[in-house]
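**Q** Build me a model:
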Amino acid sequence: MVLQAEQGQIQIHTENIFPIIKKAVYSGHEVFLRELVSNGVDAISKRRMAAMGGDCSEGPEGKISIRINREANTLTISDNGIGMDADEVKRYINQVAFSSAEDFLEKYKQESDAIIGHFGLGFYSSFMVAKQVELVTLSARAGSEAVRWSCDGSPNFSLEGAARSAPGTDVILHLMEEELEYIEPSRIRTLITTYCDFLPVEVQLEGETVNKRESPWRKSPRDLSDNDYIELYRYLYPFQGDPLLWVHLNTDYPYNLQGILFFPKSSGRADWEKGEIKLYCNNVFVSDSIKEVVPRYLLPLRGVIDSPDIPLNVSRSALQTDRRVRSIGGFVAKKVGDRLKELHKDDPKRYAESWESLAPFIKIGAMEDDKFADQVADLVLFGTTAQPQDQPASADEQSSEAQTLDPIPGEGGKAYTTLSGYRTRLAADHDKRILYCTDEAGQAGALALWKSQGAEVLLADTFIDTQFIPWLEYRHEELKFQRVDSELDDSLQEKESELSDAEGKDSSEKVRELFKGVLANDKVTIQVQALKGDNAPAALILLPEQMRRINDMGALMEQRLPGLPDHHVLLVNRKHPLVEGLLKLSAGSVITGAGGSSPSQQLADDLSRHIYELARLAVGGLEPNELAGFQQRSTTLMGQLMQRGL
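**A** Presented below is the predicted three-dimensional model:
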């Protein structure tokens, strides 16, 4: 039997609507309260506008009232807004739910996170928590009669006359057994505070006003004091201290957006994936995940963005490609950059004191966003070994000299400089080389050498600057960044000739042979120099710049701390008393037996190995399993030295 081809139409039944409503946001049922309160606020606004046009009575000040009936397991949300008559109930309630069932399903059946929870269904979100919903309403227009609408979640409903004396609407929810948490006053109070705290209309629970009503971000900055901003931050983020600074956002073209963003003090943690900025729509809280709205590098900022123009009723993938959303993200980034430039210009000392908290935003933002990079090009600071300048005493001096203050004094005696400021202090023959240090303890020996010769060294951040410094070199092709322990130039070395012995070997060659024989490791390159300065160490580990960067990048990709590369340079200071003593010990040794060595030679070998291990220890190059052996050898070596001294 051959199946005959035919065409038809799948019938979509209205009884499918409410299961979709109930399940669409399975873990977010609580948003029903936000939707119903928002509807009530809209109704109050409509009544006020209609009254201004003479279409209805003005009525008392707008108010939302929430009442709980534990005996009946009901929750009632009431407003004194414009209300509805019977025809409006049919048009706005019945037709949307039943006559447009096919459109509804077609639009929302494939989007698990589409409208529900993002202001689309409004009244119908009630059915996520209620087995039956009643609506009692009276229009504020003259001559209207009150009506009652009731539905149990099926396609069946009832519409009849009701007794109500004042215009407005009651939405009565008969809660399901599994949703009885919503008759707990503490639960409702929490939801009001979360979603409706800044609505301009009173939201009362059992007669008590719960919400704050005022949203500072919708005021003019001229009407807010510093304390107003700080109090808002403390309220939104309790027990987090005070913010460093803030940015007030306000634009009505080409989109409507208000907000206040705060730079928090560094706490050692930041959410670079989700963020801590709260997204509002017309003063109603929507979400604390706005990674589709602001650039990733600004996500750890805190505060509020409020915009009715962000398309909340689309999927996340569509939101990311929306031109308007990208434009909003660019606007926010520019305003943040402008605020940073303002602070750097007007109060460089405060800017420097805040730098450690600001640095991640600025550096990561510059690397990820070319426009932002151009905006903050002159705002990037580095710690510096140069001495800070004194802050100008008078306000006039501070205003005129603020831009030229470099190095800038920071907290705890630290000093900061910009890259351009650093370059102005470089000698003409080294104006393209940027010396930097990422670990003042681990690179202490090399750092002290450079400082002893008057060189200024930038103090970089170990983690971020592993990527930021190569990025700077890409932006400034003429510059070469050189870590203090990558190589030492002639300015750090004594210029003196060495005498050779009868075999034609000078002291440098003898030291090199001694260490090479002891270490027996071809991966360690041994250099011998006479270093300047009385405090120059006996030996240093040097890591060639490019080789070390490759090692650091590998560690970053493998999510581990960078260790000491197998291939490295051991620089031995032949002028150090310990090294000079090694040569005397080695020269005075007497070979005993075939292939043997004297106690003096053995001691010289042990001291050479100890010097190398000390150099490795200084840069964190000794693994934990090597430390026990190092301690044991150190104890043995000290015992040998004591025996020779006694």
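
**Q** Find the residue ranges of the protein scoring beneath the pLDDT cut-off.
**A** In the predicted model of the chain, residues 1-27, 95-121, 267-271, 312-322, 389-404, 462, 497-504, 561, 588-597, 645-646 satisfy pLDDT under 70.

**Q** Please state the backbone phi and psi of the residue at minimal distance from the centre of it?
**A** Here the mean C-alpha position of the chain is nearest to the C-alpha of Pro300 (Cα atoms, centre = their mean), at a distance of 2.9 Å. Backbone torsions for Pro300, taken as degrees, to the nearest 10, come to phi -70, psi 0.

**Q** what about the helices in the stretch 351-500 of the chain?
**A** Taking DSSP state H, counting those that start in this stretch as the criterion, the stretch 351-500 of the chain contains helices spanning 355-368, 370-375, 395-401, 419-424, 444-452, 465-475.

**Q** what does the stretch 101-250 of the chain give?
**A** In the stretch 101-250 of the chain, helices defined by DSSP H, counting those that start in this stretch lie at 101-108, 185-195, 226-236, listed in chain order.

**Q** want to throw the ones you listed into TSV with mean neighbour count and distance to Asn211?
**A** All C-beta atoms are positioned from the backbone trio N, CA, C, and that covers glycine. Below are these laid out as TSV (neighbours: other Cβ atoms under 10 Å; distance: least, Cβ to Cβ, whole Å):
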stretch	mean neighbour count	distance to Asn211
helix 101-108	16	30
helix 185-195	17	6
helix 226-236	15	12
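
**Q** how about a markdown table for those, with distance to Met553 added?
**A** Written out in a markdown table, the entries for those read as follows (distance: least, Cβ to Cβ, whole Å):
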| stretch | distance to Met553 |
| --- | --- |
| helix 101-108 | 46 |
| helix 185-195 | 43 |
| helix 226-236 | 38 |
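
**Q** looking at those helices, which is closest to Asp79?
**A** helix 185-195 (14.1 Å; Cβ to Cβ).

**Q** can I get the CA coordinates of that closest one in PDB?
**A** Output in PDB follows, covering the C-alpha atoms of helix 185-195 (Å, rounded to 0.1, in the frame of the first residue of the first chain):
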ATOM      1  CA  PRO A 185       5.500  37.400  55.200                       C
ATOM      2  CA  SER A 186       9.300  37.200  55.400                       C
ATOM      3  CA  ARG A 187       9.400  35.600  51.900                       C
ATOM      4  CA  ILE A 188       7.200  38.300  50.400                       C
ATOM      5  CA  ARG A 189       9.200  41.100  52.100                       C
ATOM      6  CA  THR A 190      12.400  39.700  50.600                       C
ATOM      7  CA  LEU A 191      10.900  39.600  47.200                       C
ATOM      8  CA  ILE A 192       9.600  43.200  47.500                       C
ATOM      9  CA  THR A 193      13.100  44.300  48.600                       C
ATOM     10  CA  THR A 194      14.800  42.400  45.800                       C
ATOM     11  CA  TYR A 195      12.500  43.300  42.800                       C
END
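
**Q** helices or strands up against that helix?
**A** With contacts taken as 3 or more Cβ pairs under 8 Å, 6 or more residues apart in numbering; DSSP states H and E, helix 185-195 sits against helix 31-52, strand 63-69, strand 202-205, strand 284-287.

**Q** Look up phi and psi at the closest residue to Ser144 other than its chain neighbours.
**A** What sits nearest to Ser144 in space, not counting adjacent residues and going by Cβ to Cβ, 6 or more residues apart in numbering, is Asp85, at 4.7 Å. Here the main-chain torsion angles of Asp85 (degrees, to the nearest 10) amount to phi -100, psi -180.

**Q** Isn't Asp85 up against Arg141?
**A** Yes. Using Cβ atoms under 8 Å, Asp85 makes contact with Arg141 at a distance of 7.2 Å.

**Q** Contacts only, for Gly620.
**A** Neighbour list for Gly620: 442, 563-564 [criterion: Cβ atoms under 8 Å, 6 or more residues apart in numbering].

**Q** Dihedrals phi and psi, it?
**A** Torsion angles at Gly620 (phi, psi; degrees, to the nearest 10) stand at phi 70, psi 30.

**Q** Tell me the spacing between it and Leu543.
**A** For Gly620, the distance to Leu543 (Cβ to Cβ, to the nearest Å) stands at 12 Å.

**Q** Residues in contact with both of those two, list them for me.
**A** Both Gly620 and Leu543 are contacted by Leu564, under the criterion Cβ under 8 Å, 6+ apart.

**Q** count of neighbours near the residue nearest to Ser144?
**A** 18 (other Cβ atoms under 10 Å).

**Q** repeat for Gly412
**A** The tally of other residues near Gly412 (other Cβ under 10 Å) stands at 6.

**Q** what's the distance between stretch 167-179 and the middle of its chain?
**A** Its chain's C-alpha centre lies 41 Å from the corresponding centre of stretch 167-179 when counted by Cα atoms, centre = their mean, to the nearest Å.

**Q** could I get that stretch in CSV with only the CA atoms?
**A** In CSV, the C-alpha atoms belonging to stretch 167-179 read as follows (Å, rounded to 0.1, in the frame of the first residue of the first chain):
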residue,chain,number,x,y,z
PRO,A,167,-11.2,52.1,41.2
GLY,A,168,-8.3,49.7,40.9
THR,A,169,-7.6,46.0,40.7
ASP,A,170,-7.2,43.0,43.1
VAL,A,171,-5.4,40.0,41.9
ILE,A,172,-6.2,37.1,44.2
LEU,A,173,-3.9,34.0,44.0
HIS,A,174,-5.1,30.7,45.4
LEU,A,175,-1.7,29.1,45.9
MET,A,176,-0.7,25.6,45.0
GLU,A,177,0.3,23.3,47.8
GLU,A,178,3.9,23.3,46.6
GLU,A,179,4.0,27.1,46.5
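
**Q** Perfect, that will be all.
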